[in-house]
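Q: Sequence and computational prediction follow.
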Amino acid sequence: MKNINILLVAVLLLSFSACTKKNKNPEPAPVPVAAATPEPPKLNNSEIKIGMIQEFETFNPLIANMAATSLMSKLVMRYLVTIDADGKWIPQLAKSIPSLESGSAKLVTVAGVKKIEAVWEILDNAVWGDGKPIICDDFAFAIKVASAATVSIAEKEVYTQVEKVTVDPLNPKKCTFLYDKAKWDFYQLGTFAPLPKHLEEKIFNMHGAETAGYEKNSLYVKEPYNVGLYNGPYLIQEIQLGDHVTFVQNPKWFGEPAKIKKIIFKLIPNTGTLEANLRSGTIDMISSMGFELDQALAFEKKVKAEVLPYTVLFQPSTTYEHIDLNLDNHALKDIKVRKALNYSINREELVNSLFEGKQAPAIHNITPKDAWYTDDPAKVTIYKYSPRDAERLLDEAGWKRGPDGIRTKAGKKLSFTLMTTAGNKTRELVQVYLQNGWKQIGIEVNSKNEPARVFFGETTKKRAFDSMALFAWVSSPESSPKSTFLSTNIPNAKNGYSGQNQMGWINKEVDKLCLALDLEFTHEKRIQIVHNILKYYTDEVPVLPLYYRSVMSVIPNQLKGFRLTGHQFPETNEVEKWNLE
Amino acid sequence: MLNFILRRIVQTLLVILILSYVCFGLMNLMPGDPVEMMISSNPKITAADVERLRSFYGLDQPMYKRYLSWAGDIVQGELGYSRTYRIPVTEMMGPALGHTFILSVASLVFSLIIAIPLGILCALKPNSKVDYVVNLFSFAGISVPSFWLGIVLIIIFAVNFQILPAGGYQTTGMAYETYWAEFLDKGKYLILPILSLSIQSIGRFSRFTRSSMLEAMRNDFIRTARAKGLTAQVVIWKHGFRNALIPLVTIVALSVSSIFSGALITESLFAYPGVGRLLYTSIMGNDFNVAMISFMISVTMVLLMNLAADLLYGVIDPRVSYK
């Protein structure tokens, strides 16, 4: 009994000693504790353990839809093409990207409909993990599976856009894709995955007729360690749901040899303990699906102060943080009010004071990494911070300051509600910053935050926000803005609330330009069209741009060849370049 | 007694049926559905995709129809598939239940081993120094938030001293040559979560034990037992502790019922792949089948443990009868 008492008291005392330390020091970083951290062991190419916070799902490339799976699947699956870390489309399984200029793609007319035909040739040495060559039939089979009504593929059009695959009788790796319509972005097949026909066909034939029969019986579910299912630099050695996935080198890999022998992705769902896991050696690095910005900034300071053997990387991404304005709101219908709101945001100060300059201020929806980006004042309207211009516009619009400093018109206050996701510290800070700025020019803005599930599942989806909704759009380089700009994409009950024009922006010219963009095959002309769209976008201010988000990662100083991408093809897309020695 | 048990079992089944419908309804009342999740992670999904997927998952059907279909499958022993992982729910729940069971039982046993003697000690020496110290730590244990306590334990034992792992349930990639090696490896991953869970339970159990023991020791039969010249051990354990057991059994039975429902915060903090975390991720991921089975297990366990507690009252106290 006495021993038990001593043990209990010892444990409690230890806990409370830490408590005292923490209370004495209001800094989030428990510096005295951290200073005592022993050096992590030196790493080598035999193994690296990577921490991530999100659950993963099935590795079947047709069915997988979560970002966490995408992060890991790039180790084991490669596609015809991809976007590299510089934001450029490059071939991966294909020898080259077909184009009209090279003659490997051409416009054709089939039954009176304009279509496009492109010749794709797969790398001669590209093989599945069991040594079977990757051939055109694997792509044709993927289209067949994806087209089946019994398979719950999310974005069917990725596959069904290819109407027909004609295989060269002399070369099973050379095929001609006939697309259902003539589109300039026909080559952007970054999510068009091949399926190993030699393994999966019999499963599909047996279970394909039942609802969800294929996906439940696929070898990706029943035998996930079958090497023939994968074609990337690594193979799956072990999956422990909810804990970790282990990858080992693929001996049949046909690309640049991977250097690290074993990679373990460890799931650590609590962001608060990621740092502790890193410093205790449970993991060796934190993936781009780990730290929040504030945690990364705090950890970077610790790295410098304590000379820790890590590098915190920040990479601007294609995620665009902004405020959607509900254009059905009476006051927001007036363009002068929208412009005044835009003029009174000091974006430079916002990113410097809240993000230490690690996230870039946004001027519109296209990010600086995109070939379509422009900040030329002749092409887009730039709103430099100017409270004076904002006040002038509001005066012109008839909003006069009341005794409490808030502007009124016809007895109504100029007051808005700014909604965002509750619990998102960064957004809540931005909210407060913006409210103060707008108050100075006489606009009252109240906050109303909701859990992400309600905010995205109901409020923004059904345009149920009164005036302003703060959130982000995830995009990719050279991505058509149709889903957010087309007037037919204003969410409503008729279209199942599927569009993303939550502003309710209607501009017939923009509609025409968006549709014309799909059919324009000349790069320079496409850029011209996009710039015309951006001109309308920045002139009419349906949205208040804020900043482009960054992705973060913590890597050991030893790790070379690691690059964050900032788009939907994550860092693991170049995992074979990683080197610890 | 048999009648009592049968009646309670029927009542339990009825409550499970009603609660299953309530849980199903609540799950469906939550904003968003599995298709919403897909849209949020892939903005290129079209209106046609949305319609097709809603029909595929049966989300275009009224709720009562979906419930009947789900309940029909359950009755036939078909627990369904996880929408996220495309594997049978049983395959997912099995390991998670195992992990949670080990963690919860170890924590409960550890808590009881420490809390009951401490509570008795305090009851036997009320208002003594020992009583004050134990009370102080009991209240501290009850008051400390588990998320904070977990982080403190990780900082001390995993980051500073590096004597225990920060999270997980086993060393990744470890091949065990003997059961003993496996026991030792997995055991060290359990120490911090068990400590984190137990510090709160010890406080709660020791307070309950103290008050019920204090009450029992004031009874006339204790004075009589002492007057008869019985030894202190017999008076305390046979006469005092047995009478103090009834309130303790109730609270322990309720704790046992949570053995399979997991400890969400502790499991998340220590990256421990248990049921609590599985339930949370399945709710957040709209993985209805997994979430519903987790709910049902929790509900069933609470009801069964209540029944067990009622039966135990009769064993402990012969005055309790079942009518």
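A: Sure, I can see it.

Q: Only C-alpha atoms from now on, for both contacts and neighbour counts.
A: Noted.

Q: burial count for residue B:317?
A: Applying other Cα atoms under 10 Å in any protein chain shown, we find 13 residues neighbouring residue B:317.

Q: excluding its backbone neighbours, what's nearest it?
A: residue B:243 (7.4 Å; Cα to Cα, 6 or more residues apart in numbering or on different chains).

Q: quick one: that neighbour and residue B:216 touch, right?
A: Yes: under the criterion of Cα atoms under 8 Å, residue B:243 makes contact with residue B:216 at 6.0 Å.

Q: what's near enough to touch the residue nearest to residue B:317?
A: Contacts of residue B:243 were listed using Cα atoms under 8 Å, 6 or more residues apart in numbering or on different chains, and they are B:213, B:216, B:316, B:317.

Q: got the residues of the stretch 51-200 of chain A near chain B?
A: Those residues of the stretch 51-200 of chain A that sit near chain B, judged by Cα under 8 Å from any Cα of the partner chain, are A:55, A:57, A:58, A:65, A:66, A:67, A:150, A:152, A:154, A:155, A:156.

Q: between these, which is nearest residue A:121?
A: Ranked by distance to residue A:121 (Cα to Cα), these are led by residue A:156 at 23.2 Å.

Q: Tell me the confidence at the closest residue to the closest one other than its chain neighbours?
A: Nearest non-adjacent residue to residue A:156, counting by Cα to Cα, 6+ apart: residue A:146, 6.5 Å away. Predicted confidence (pLDDT) for residue A:146: 94.

Q: what bits of chain B have low per-residue confidence?
A: Applying pLDDT under 70 to chain B flags the ranges B:37, B:39-44, B:262, B:321-323.

Q: thinking again about what came up before, whatever helix or strand the residue nearest to residue B:317 lives in: what's the following helix or strand?
A: Using DSSP states H and E, the element containing residue B:243 is helix B:242-257. The helix or strand immediately downstream of helix B:242-257 is helix B:264-269, counting by DSSP H and E.

Q: What's the local residue count around residue A:551?
A: 26.

Q: sorry, back to before: the residue nearest to residue A:156 and residue A:461, how far apart?
A: According to Cα to Cα, to the nearest Å, residue A:146 and residue A:461 sit 27 Å apart.

Q: and what of residue A:176?
A: Taking Cα to Cα, one finds residue A:176 at 39 Å from residue A:461.

Q: ok, the two, which is more surrounded?
A: Neighbours were counted for residue A:176 and for residue A:461 using other Cα under 10 Å; residue A:461 has more, 23 against 19.

Q: quick one, phi/psi of that one?
A: Torsion angles at residue A:461 (phi, psi; degrees, to the nearest 10) stand at phi -60, psi -40.

Q: Top of the contacts of residue B:243 by number of neighbours, please.
A: residue B:213 (27 neighbours).

Q: that older thread, wouldn't the residue nearest to residue A:156 be in contact with residue A:62 here?
A: Yes: contact criterion Cα under 8 Å: residue A:146 and residue A:62 qualify, at 7.1 Å.

Q: Those two - which one has more neighbours?
A: residue A:62 (25 against 22).

Q: ok, that one to chain B distance?
A: As for residue A:62, its distance to chain B is 12 Å (criterion: Cα to the nearest Cα, to the nearest Å).

Q: Pick out the residue in the stretch 101-250 of chain B sitting closest to chain A.
A: Nearest to chain A in the stretch 101-250 of chain B, going by Cα to the nearest Cα, is residue B:159, at a distance of 4.6 Å.

Q: so that residue touches residue A:276, yeah?
A: Yes: because the distance of 6.0 Å satisfies Cα under 8 Å, residue B:159 is recorded as touching residue A:276.

Q: show me the contacts for residue A:507.
A: residue A:487.

Q: Can you give me the separation between it and residue A:539?
A: 12 Å.

Q: low-confidence ranges in the stretch 301-450 of chain A?
A: For the stretch 301-450 of chain A (pLDDT under 70), the answer is none.

Q: just the strands in it please.
A: Taking DSSP state E, counting those that start in this stretch as the test, the strands found in the stretch 301-450 of chain A are A:310-325, A:360-361, A:400-401, A:407-409, A:412-413, A:415-421, A:444-450.

Q: what packs against the second one?
A: Okay, so that is strand A:360-361. Strand A:360-361 is packed against helix A:347-355, strand A:543-556, with contacts defined by 3 or more Cα pairs under 8 Å, 6 or more residues apart in numbering or on different chains; DSSP states H and E.

Q: Would you mind getting the angle between the last one and helix A:347-355?
A: Between the axes of strand A:543-556 and helix A:347-355, defined by axes from the mean of the first three to the mean of the last three Cα atoms, to 10 degrees, the angle is 40 degrees.

Q: same question for strand A:543-556, mean pLDDT?
A: Strand A:543-556 comes out at a mean pLDDT of 96.

Q: Dump stretch A:270-286 to CSV, restricted to CA.
A: C-alpha atoms of stretch A:270-286 as CSV (Å, rounded to 0.1, in the frame of the first residue of the first chain):
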residue,chain,number,x,y,z
ASN,A,270,-4.0,15.5,-32.7
THR,A,271,-2.0,18.4,-34.1
GLY,A,272,-1.1,19.5,-30.6
THR,A,273,1.0,16.4,-30.1
LEU,A,274,2.7,16.4,-33.5
GLU,A,275,5.6,18.4,-32.2
ALA,A,276,6.1,16.1,-29.2
ASN,A,277,6.1,13.1,-31.5
LEU,A,278,8.7,14.7,-33.7
ARG,A,279,11.0,15.7,-30.8
SER,A,280,10.6,12.4,-29.0
GLY,A,281,11.7,10.6,-32.2
THR,A,282,8.4,8.8,-32.8
ILE,A,283,8.4,10.5,-36.2
ASP,A,284,11.3,12.0,-38.2
MET,A,285,9.4,14.7,-40.1
ILE,A,286,5.9,16.2,-40.5
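
Q: for that stretch, which positions count as buried?
A: Buried residues in stretch A:270-286, counted by 16 or more other Cα atoms under 10 Å in any protein chain shown: A:270-286.

Q: Check stretch A:402-419 too.
A: A:406, A:407, A:408, A:413, A:414, A:415, A:416, A:417, A:418, A:419.

Q: need the next SSE after the strand or helix carrying residue B:117, C-terminal direction.
A: Element membership of residue B:117, judged by DSSP H and E, is helix B:89-124. Using DSSP H and E, the helix or strand that follows helix B:89-124 towards the C-terminus is helix B:129-143.

Q: and the next helix or strand after that next one, what does it pack onto?
A: Remark: after helix B:129-143, the chain's next helix or strand is helix B:146-153, criterion DSSP H and E. Packing partners of helix B:146-153 (3+ Cα pairs under 8 Å, 6+ apart): helix A:2-24, helix B:179-217, helix B:264-269.

Q: So residue A:174 lies in a helix, does it not?
A: No: under DSSP: H, G, I helix; E, B strand; the rest coil, residue A:174 falls outside any helix and is assigned strand.

Q: partners of it in the sheet?
A: Listed by DSSP bridges, the beta-bridge partners for residue A:174 are residue A:121.
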